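Peer 1: Sequence isn't available, so here's the structure alone:
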């Protein structure tokens, strides 16, 4: 595991988000990864596909990162939350260990764990998904830019360093740039539920 | 036509580039437009598709821009050259008039007009393509960043202003950011020759 002790302004971060998908309908959803330099500029793009409401998000994102030419330069992985394509849950600890890098999952709203638990009861692998989601000991509320609050789940780095990454990369909005840009690209370019 | 008299650092520019395609084979090629603030940050994404070696690039890019929610805010259109998806030529004057905005097409290498003319003889609409390509009275060589030279073709704005746009937006490389980022996204995400 590559330890992160200091956060350089131009640190290489991968921001990961999902594209459009029709909820509860079988099919694949495109996942976009953007290689970003701190809160400043885009350096590369990668993508993969995961099943809507599937259980392959952790393995597919791992594969996308380890196969990429950018893997060796990356210092942190940032995820837009931990659920992709519906309830395809990323286990941040598993991802962090598999790619050898710290992971920070960011959400703007506090997850309602009771509601999520109920929804999961209708899906396969309920316990596996629930364990990844409810891993609350690493779930933190931190101050964002301009008095905003954001919620993060972390693996492979200290909370203090994770906060610093979030603050230093939120240059244009309350959301870190790697995630704002991943979201713009993923939602602007992907086609819902491919085969 | 919206006149461009001053170039604000955060001017809204659309950068347009094409994705992968297999040359000389029928099919469509994805075109990506990125809405960029000066040489700094991404604000939006749009896309369309044009025929490989077709003659619909001008009309399809016009449609992509005029249908977009960003159209009213844009001040300049920048193109990565004037040939897309092979020899699907954009007529910069026609595009500029159709969208009511100045257009700057940028290339790093001076086009070899003799070679292009030869290649066009094997395609339909030879004269139409050639007229758009050889419109040399608005073709200029200008100094880029770090002693580089770049070539631009312009419509709807003065050369002096066009130079200023190119220089002010080339913040990360010798290529204006809207085009560098459009290229990264288009080549990283598109699928060759869709149906």
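Peer 2: Thanks, I have the structure now. In this text, all values refer to a predicted model and were calculated from it rather than measured experimentally.
Peer 1: Mind listing what's buried along the helix ranked longest in chain A?
Peer 2: Longest helix of chain A, by residue count under DSSP state H: helix A:177-189. Across helix A:177-189, burial judged by 16 or more other CB atoms under 10 Å in any protein chain shown covers A:177, A:178, A:179, A:180, A:181, A:182, A:183, A:184, A:185, A:186, A:188, A:189. Bear in mind the C-beta positions are built from the backbone N, C-alpha and C, glycine included.
Peer 1: which of the residues you listed lies closest to chain B?
Peer 2: residue A:188 (3.2 Å; CB to the nearest CB).
Peer 1: Now do the contacts for the closest one.
Peer 2: Residues in contact with residue A:188, defined by CB atoms under 8 Å, 6 or more residues apart in numbering or on different chains, are B:44, B:45, B:46, B:47.
Peer 1: could you pick out which of those residues are near chain A?
Peer 2: Among these, proximity to chain A is found for B:44, B:45, B:46, B:47 (CB under 8 Å from any CB of the partner chain).
Peer 1: Would you mind listing which of those residues are buried?
Peer 2: Counted by 16+ other CB under 10 Å, those give B:44, B:45, B:46, B:47 as buried.
Peer 1: Residue nearest the middle of chain A, spatially speaking?
Peer 2: residue A:79 (1.2 Å; CA atoms, centre = their mean).
Peer 1: surely it meets residue A:16?
Peer 2: Yes. Between residue A:79 and residue A:16 there is a contact at 5.0 Å, judged by CB atoms under 8 Å.
Peer 1: hey, what's in contact with both of the two?
Peer 2: A:61, A:179.
Peer 1: After the helix or strand of chain A with the lowest mean pLDDT, which helix or strand is next? Please name it.
Peer 2: Counting by mean pLDDT, DSSP states H and E, chain A has its least confident helix or strand at helix A:113-120, which shows a mean of 83. Note on helix A:113-120: by DSSP states H and E, the next helix or strand toward the C-terminus is helix A:126-133.
Peer 1: helix or strand for residue A:13, which one?
Peer 2: Element membership of residue A:13, judged by DSSP H and E, is strand A:12-18.
Peer 1: same deal with residue A:140?
Peer 2: Element membership for residue A:140 (DSSP H and E) is strand A:139-143.
Peer 1: Next: residue A:66.
Peer 2: Counting by DSSP H and E, residue A:66 is part of helix A:57-67.
Peer 1: Could you list the low-pLDDT ranges of chain A?
Peer 2: A:135-137, A:191, A:194-195 (pLDDT under 70).
Peer 1: how about the residues of it that lie near chain B?
Peer 2: Within chain A, the positions adjacent to chain B are A:32, A:41-47, A:172, A:177, A:181, A:184-185, A:188-189 by CB under 8 Å from any CB.
Peer 1: burial of residue A:19, as a residue count?
Peer 2: Under the neighbour criterion other CB atoms under 10 Å in any protein chain shown, residue A:19 is assigned a count of 24.
Peer 1: Quickly note the distance from it to residue A:58.
Peer 2: 18 Å (CB to CB, to the nearest Å).
Peer 1: Same check on residue A:42?
Peer 2: Taking CB to CB, one finds residue A:42 at 25 Å from residue A:58.
Peer 1: which among the contacts of residue A:188 gets closest to residue A:92?
Peer 2: Using CB to CB, residue B:45 is the member of those that lies nearest residue A:92, at 27.6 Å.
Peer 1: Go ahead and confirm the closest one touches residue B:30.
Peer 2: No. Between residue B:45 and residue B:30 there is no contact under CB under 8 Å: 11.7 Å.
Peer 1: Adding secondary structure, write the ones next to chain A among the contacts of residue A:188 out as a markdown table.
Peer 2: Converted to a markdown table, the ones next to chain A among the contacts of residue A:188 look like this (DSSP: H, G, I helix; E, B strand; the rest coil):
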| residue | secondary structure |
| --- | --- |
| B:44 | strand |
| B:45 | strand |
| B:46 | strand |
| B:47 | strand |
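Peer 1: ok but residue A:154 is inside a strand, no?
Peer 2: Yes. Looking at residue A:154 with three-state DSSP, it is inside a strand.
Peer 1: What values do phi and psi take at residue A:161?
Peer 2: Phi and psi for residue A:161, reported as degrees, to the nearest 10, are phi -70, psi -40.
Peer 1: which residues touch it?
Peer 2: A:4, A:5, A:7, A:102.
Peer 1: picking up where we left off before, which pair of the buried residues of helix A:177-189 spans the longest distance?
Peer 2: Going by CB to CB, the pair spanning the buried residues of helix A:177-189 furthest: A:177 and A:189, at 17.9 Å.
Peer 1: quick one on the thing from earlier: could you list everything the residue nearest to the centre of chain A pairs with in the sheet?
Peer 2: residue A:16, residue A:105 (DSSP bridges).
Peer 1: For it, which residues are in contact?
Peer 2: Residue A:79 is in contact with A:16, A:17, A:61, A:90, A:92, A:103, A:104, A:105, A:106, A:179, counting by CB under 8 Å, 6+ apart.
Peer 1: again with residue A:182
Peer 2: If a contact means CB under 8 Å, 6+ apart, then residue A:182 has A:15, A:16, A:17, A:32, A:33, A:34, A:80 as its contacts.
Peer 1: Go through those residues and name the one nearest chain B.
Peer 2: Relative to chain B, and with distances defined as CB to the nearest CB, the nearest of these is residue A:32, at 7.4 Å.
Peer 1: Hmm, residue A:20 and that closest one touching each other?
Peer 2: No. Counting by CB under 8 Å, residue A:32 stays clear of residue A:20, with 11.4 Å between them.
Peer 1: Neighbour count: these two, which is higher?
Peer 2: residue A:32 (28 against 15).
Peer 1: what's the nearest residue to that one if we skip its chain neighbours?
Peer 2: Leaving aside its chain neighbours, residue A:32 sits nearest to residue A:186 (4.1 Å; criterion: CB to CB, 6 or more residues apart in numbering or on different chains).
Peer 1: Backbone dihedrals for residue A:23, both of them.
Peer 2: Backbone dihedrals for residue A:23, given as degrees, to the nearest 10, come out at phi -60, psi 150.
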